[in-house]
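Q: Quick one: sequence plus predicted model below, questions after.
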Amino acid sequence: QVQLVESGGGLVQAGGSLRLSCAASGRTFGSYGVGWFRQAPGKEREFVARISWSGSSTDYADSVKGRFTISRDNVKNMAYLQMNSLKPEDTAVYYCAARRAYSGSRVEDYDSWGQGTQVTVSS
């Protein structure tokens, strides 16, 4: 497993942008698939985006497709989620997750999780 720390959340107006970062510990981060998930109050944690260990494959939830971009830098042990055209319904705690050699779209696909970062989009 790796240790993950998210940052970059905050308060933004609708239509604005934020870039979330996920810092990973360990020398083998480049072999881990990464996913971003979010959880709004009273709702279940849901899939947002995922990226393969090499960065060659990405996937997005329909609700964020065309607005969010996931990326990674294996040299820096970092993953990112660029969020553009934010909407109030994007308000949630955003979590970074990782699993060795795999990147799925389910919560149970991952065994390493960060503590989350709050994103609030005002209307």
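A: Now that the structure is in, tell me what you want to look at.
Q: Give the buried residues for stretch 58-70.
A: By neighbour count on 16 or more other CB atoms under 10 Å, the buried set for stretch 58-70 is 59-61, 64, 68-70. C-betas here are computed from N, CA, C, even on glycine.
Q: Just the ones in strands from the residues you listed, please.
A: Those of the buried residues of stretch 58-70 mapping onto strands are 59-60, 68-70, per DSSP state E.
Q: Looking at the residues you listed, which is nearest residue 105?
A: residue 59 (6.5 Å; CB to CB).
Q: Quick check, the closest one in contact with residue 50.
A: Yes: using CB atoms under 8 Å, residue 59 is in contact with residue 50, at 5.1 Å.
Q: from the middle of its chain, how far away would stretch 116-123 be?
A: 13 Å (CA atoms, centre = their mean, to the nearest Å).
Q: contacts for it?
A: Stretch 116-123 has contacts (CB atoms under 8 Å, 6 or more residues apart in numbering) with 6-14, 16, 18, 20, 38-39, 83, 86-95.
Q: Can you work out which residues contact both of residue 59 and residue 50?
A: Listed as contacting both residue 59 and residue 50 by CB under 8 Å, 6+ apart are 103, 105.
Q: which stretches of this structure form strands?
A: For the chain, applying DSSP E gives strands covering 4-7, 10-13, 18-24, 32-39, 46-51, 58-60, 68-73, 78-83, 92-100, 112-113, 117-122.
Q: Now tell me what touches the shortest one from outside.
A: Looking back up the chat, that one is strand 112-113. With CB under 8 Å, 6+ apart as the criterion, strand 112-113 contacts 1-4, 32, 95-99.
Q: same thing but 7 Å
A: Strand 112-113 is contacted from outside by 1-2, 4, 95, 97-99, using CB atoms under 7 Å, 6 or more residues apart in numbering.
Q: now the residue most central in space within the chain, nearest residue through space, not along the chain?
A: The centre of the chain sits closest to residue 36, judged by CA atoms, centre = their mean, with a distance of 2.5 Å. Distance criterion CB to CB, 6 or more residues apart in numbering; nearest residue to residue 36, sequence neighbours excluded, is residue 48 at 4.3 Å.
Q: With that, I have no additional questions.
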